[in-house]
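Asks: the sequence and its predicted three-dimensional model are supplied below.
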Amino acid sequence: MRILFVASEVVPFVKTGGLADVVGALPKILAARGHDVRIVLPKYRSIDSQKFNLLPLMPEMKVRYGNDTFSGEVMRTSYPGTDIPVYFIDLPHLFDRDGVYNSQNHDYLDNDRRFASFNLATLWMLKGLDWAPEVMHIHDWPTGLIPALLKFHPEVKSDEFFSKIKTVLTIHNLAYQGNFVPQLVADIGLPWSTFTSEGMEFFGRASMLKSAIVFSDMIATVSPTYANEIRTETYGAGLDGILRAREERLVGILNGIDTKLWDPANDPHIPAKIQAVTGAGRAECKAALQAKCGFPQKKQVPLIGMATRLTGQKGIDLAADALNTLLAADIQMVLLGSGEERFENFFREVANRFPKKFAAKLAYDEALAHQIYAGSDMFLIPSAFEPCGLTQMYAMRYGAVPIARATGGLVDTVADASIRRIEEGRSTGFLFADYNTPALLGALQRAVSLFRDDQPHWDKLRRNAMARDFSWETSAAAYEALYERAVAPAAT
Ligand code: ADP
């Protein structure tokens with residue numbers, strides 16, 4: 001099948017979160033399964049043309065947006081280590097900037113025209129290449145206008161070239177909706193008939209995510225539990241009604257992980273190779289991480305890791321609240337994260353007060369993330385909501401036992417510990433249900449007690465976690481089935 005992945009971030013070119021990991025991994029698996037897969041993303045300033053060998057493909061590209069016309073070009077390369085074509089829409093006026101979505105935590109004020117133009121430019125690129133995919137697989141709000149453009153943009157819908165293209169949306173996070181001024185609708189060339197409560201109108205705004213939910217042929221989200229949650233008011237972020245209306249076309253498909261990039265037995269970022277399941281090599285990784293954090297190198301002190309965006313979604317307020325109690329115990333903790341300033345200030349201050357037990361690395365640091373998965377005994381993910389979550393899967397593969405709130409994909413990937421379930425090989429971590437500090441502390445307490453008082457069971461728990469298979473094959477097959485449904489005549 002011919003499949004085009006359209007996304008705003010793709011590993012290794014550009015990454016702000018898990019979306020980039022997913023769009024960097026799934027195409028490779030689908031290509032290996034025999035599909036003609038290609039990828040398109042914007043050419044941001046941070047993408048190094050020389051390093052990735054970007055070559056000119058279409059020298060002239062123009063997109064109209066309201067009274068403006070943005071011009072640029074399309075470049076291409078092959079996905080590293082494969083022959084998957086990757087296209088870059090290079091519209092310098094919109095994308096030649098420091099950030100992807102924002103600069104210093106402030107969203108760019110013209111994200112509507114940036115990403116709407118990227119969506120339309122993608123269609124013009126396909127026409128220019130004379131390559132029509134059977135399925136355009138779009139990801140989150142930055143690609144959300146594509147289904148509406150295919151169905152309603154006058155120049156697109158009247159063109160036979162586009163007429164058979166179907167769309168599949170993956171929702172990686174319902175909280176980011178791309179809601180903008182209504183003028184977006186007209187400026188990108190869509191008719192006002194799309195701006196209704198059954199269409200892309202959302203509380204008076206033009207919503208790129210809602211547009212995708214309403215007009216795409218099939219919808220996936222990144223875990224079965226999240227697929228259920230988002231149809232409820234609590235987790236629906238205002239879109240639960242429309243998701244319920246389309247639930248026959250909504251499926252939950254758990255993300256996999258790229259087992260080559262995240263391979264503890266062969267990871268250039270970590271100080272020692274870690275053997276699968278036995279975990280040999282972890283002690284060295286822990287000692288190195290302790291040294292890096294300025295902690296005493298003690299084997300018997302539990303080392304808790306976090307690597308996360310510092311936002312409300314990730315339960316950072318709970319972690320912050322728990323910290324005082326936690327630091328009264330004999331533990332060590334390292335937090336890698338960047339995001340909201342109030343959180344950064346708080347953790348910086350705590351790290352200054354407790355330099356021997358708490359380290360705050362307030363940055364985005366890929367290598368250190370790997371070192372934390374490899375060297376921590378436990379990995380904390382207290383999310384308020386979590387569509388899938390990749391960090392718990394990386395943690396488990398590297399032998400850090402996850403302690404997670406029971407929500408979304410965390411429920412689908414972490415099995416709570418009891419002695420019996422540990423012995424049966426079923427438990428892989430610790431879950432807590434209620435979103436509050438006592439519940440978080442309760443789970444941490446259970447973990448720390450087991451670590452201290454019952455090393456044999458702790459060891460077995462860690463082995464269970466390391467033995468879990470999070471490779472993409474099963475999920476890739478589920479996506480194939482979804483593409484088939486999208487192109488089946490009944491799905492029109
Ligand atoms: P989300 O996409 O909501 O941020 P995921 O768990 O799906 O959450 O993916 C997060 C990804 O970003 C993981 O690959 C994780 O290792 C990485 N990550 C998060 N924060 C940092 C950071 N400060 N430095 C390096 N990597 C980070």
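Replies: Received the coordinates, thanks. In this text the structure is predicted, and so the values were computed from the model without any measurement.

Asks: I'd guessed residue 312 sits against residue 384; true?
Replies: Yes - Residue 312 lies in contact with residue 384 (C-beta atoms under 8 Å); the separation is 6.4 Å. Yep, even glycine has a C-beta here, placed from its N, CA and C like the rest.

Asks: what about those two, which has more around it?
Replies: Higher neighbour count among residue 312 and residue 384: residue 384, with 18 against 14, using other C-beta atoms under 10 Å.

Asks: spit out the contact partners of that one.
Replies: By C-beta atoms under 8 Å, 6 or more residues apart in numbering, the contact set of residue 384 is 312, 313, 314, 315, 405, 407, 435.

Asks: quick one: pLDDT of it?
Replies: Reading off the confidence values, residue 384 has pLDDT 97.

Asks: hang on, the earlier thing: which of the contacts of residue 384 sits closest to residue 196?
Replies: Checking those against residue 196 by C-beta to C-beta gives residue 313 as the nearest, at 29.7 Å.

Asks: any idea how far the residue nearest to the closest one when sequence neighbours are not counted lies from the ligand?
Replies: Using C-beta to C-beta, 6 or more residues apart in numbering and skipping residues adjacent in sequence, the residue nearest residue 313 is residue 384, 5.6 Å away. Using C-beta to the nearest ligand atom, to the nearest Å, residue 384 is found at 11 Å from the ligand.

Asks: returning to that earlier point: ok, and the most crowded of the contacts of residue 384?
Replies: Compared across these, residue 405 has the highest neighbour count, 28 neighbours, by other C-beta under 10 Å.

Asks: in this structure it contacts residue 432, no?
Replies: Yes - using C-beta under 8 Å, residue 405 is in contact with residue 432, at 5.9 Å.

Asks: overlap in contacts, the two.
Replies: In contact with both residue 405 and residue 432: 382, 439, 440, using C-beta under 8 Å, 6+ apart.

Asks: let me have these in TSV, extended by neighbour count and distance to residue 374.
Replies: Below are these laid out as TSV (neighbours: other C-beta atoms under 10 Å; distance: C-beta to C-beta, whole Å):
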residue	neighbour count	distance to residue 374
382	28	21
439	18	28
440	24	24
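
Asks: ok so residue 393 is a helix residue?
Replies: Yes - applying DSSP: H, G, I helix; E, B strand; the rest coil, one finds residue 393 inside a helix.

Asks: residues contacting the nearest residue to it once chain neighbours are set aside?
Replies: With sequence-adjacent residues excluded and distances taken as C-beta to C-beta, 6+ apart, residue 393 is closest to residue 470, at 4.5 Å. With contact taken as C-beta under 8 Å, 6+ apart, residue 470 is in contact with 256, 257, 259, 393, 396, 397, 413.

Asks: can you check residue 482 too?
Replies: Contacts of residue 482 (C-beta under 8 Å, 6+ apart): 168, 218, 220, 251, 253.

Asks: how about 7 Å then?
Replies: 168, 218, 220, 251 (C-beta atoms under 7 Å, 6 or more residues apart in numbering).

Asks: so the helix or strand hosting it, near the ligand or not?
Replies: According to DSSP states H and E, residue 482 maps onto helix 473-487. No - contact of helix 473-487 with the ligand is not found when judged by C-beta under 6 Å from any ligand atom; the minimum separation is 14.0 Å.
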